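Engineer: my questions are about this predicted structure, shown below with the sequence.
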Amino acid sequence: MPPCGSRLLAASAIALSLTWSGPASADSGRWTESTRLVVGIETRLRLLAEMPSRAERAARSHLVAIVWRYGEDSGAGRLPSALDALRLVQVEALLEDGIERPGVGMLVAAMTGGLQHEWLYYTADPRALAHAFNRLAADSPDWPVRLLTEFDPAWDAYFALRRREFALR
């Protein structure tokens, strides 16, 4: 795995299993969900239940993590408040309409916990995904978000999440 990939995976693992029971839960057969204590912090993971086909993976060689910070560092809860949860559901619906439906990226995992939420996408063109994201965020400049990207043609980060998730069952 490239060095950048291991950093992204480590960041994801720290928050490991940060799931969001947002709009994608309506399509519950598509996702597997779990909640775990990771380093004493309750975390949730939502992961695609079925492995994307080899052709789908080959068409998307870049991993993009959209990382959203919520709450306050001094806050007692590490999972989102009701207000933060509502905001995340709304943002995920926007991401689905602006990134997934037009085929710019494929959401493969969502993680929540430790005061951050991450959506993990694979895309053929990280710049196109960033442009699509920026169009969505244009009306909401206060989004506490950053985008991380790396070349991951073998989908190593995704496979590592799957191995870890299914090993813990």
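Structural biologist: Looks like it arrived, so ask away. Residues are numbered from 1 along each chain as shown.

Engineer: and the next helix or strand past the helix or strand harbouring residue 45?
Structural biologist: Assessed by DSSP states H and E, residue 45 sits inside strand 41-48. With elements assigned by DSSP H and E, the helix or strand that comes after strand 41-48 is helix 54-58.

Engineer: same question for the strand holding residue 45, mean pLDDT?
Structural biologist: Within the predicted structure, the mean pLDDT of strand 41-48 is 90.

Engineer: all strands of this protein, in order?
Structural biologist: If you assign secondary structure with DSSP state E, the strands in the chain sit at 31-38, 41-48, 62-69, 106-113, 116-123, 145-151.

Engineer: now do the last one against strand 116-123, angle only.
Structural biologist: Relative orientation of strand 145-151 versus strand 116-123 (axes from the mean of the first three to the mean of the last three CA atoms, to 10 degrees): 40 degrees.

Engineer: strand 145-151 pairs with which strands, and in what direction?
Structural biologist: Paired neighbours of strand 145-151 in the sheet (DSSP bridges): strand 62-69 (antiparallel).

Engineer: what of the fourth one?
Structural biologist: Looking at strand 106-113 with DSSP bridges, its partner strands are strand 41-48 (antiparallel), strand 116-123 (antiparallel).

Engineer: buried residues in the strand holding residue 45, which are they?
Structural biologist: Neighbour-count burial for strand 41-48, with 16 or more other CB atoms under 10 Å as criterion, is recorded at 41, 42, 43, 44, 45, 46, 47, 48. C-beta: built from backbone N, CA, C; applies to glycine.
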